[in-house]
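Chemist: Predicted structure and sequence below. I'll ask about it afterward.
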Amino acid sequence: EVQLVESGGGLVQPGGSLRLSCAASGFTFSSYAMSWVRQAPGKGLEWVSGMHGNGGSLSYEDSVKGRFTMSRDNAKNTLYLQMNSLKPEDTAVYYCTKGIHMYWGGGMDSWGKGTLVTVSS
């Protein structure tokens, strides 16, 4: 059974930083693309970043470029999202998602339960 468990969310002041983690199990982690998706209060889902199973083709949504860094440790079956220079508009539930194959962009078939990030003074 595929399991994705996010952690690291919380309350942070504008300009602060957080590091999200996603522990994956139940599948061969290195063989699948992974992405981060977020949902702000009262809004729809927004893709944030994605990368291939081998760590290649790292891509970001425009509003987070230069502030967020996605990475993965295939030896630890863990996905990360380092978020710096956080803004109130980054407030959202952040989800870790598994792709349907090695290359991101082909769809997602599993989601974690999410972790809440609140950026507020």
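Modeler: That came through fine.
Chemist: Now find how far off-centre stretch 53-65 is within its chain.
Modeler: Centroid displacement of stretch 53-65 relative to its chain, using Cα atoms, centre = their mean, to the nearest Å, is 10 Å.
Chemist: any idea of the mean pLDDT for stretch 2-21?
Modeler: Mean pLDDT, computed over stretch 2-21, is 98.
Chemist: can you tell me how far the residue nearest the centre of the chain sits from Ser121?
Modeler: Residue closest to the average C-alpha location in the chain (Cα atoms, centre = their mean): Trp36, at 2.7 Å. Going from Trp36 to Ser121 by Cβ to Cβ, to the nearest Å gives 24 Å. All C-beta atoms are positioned from the backbone trio N, CA, C, and that covers glycine.
Chemist: try Leu11
Modeler: Where Ser121 is concerned, Leu11 sits at a distance of 10 Å (Cβ to Cβ).
Chemist: mind checking the SS state of Lys43?
Modeler: In three-state terms, and counting by DSSP: H, G, I helix; E, B strand; the rest coil, Lys43 is coil.
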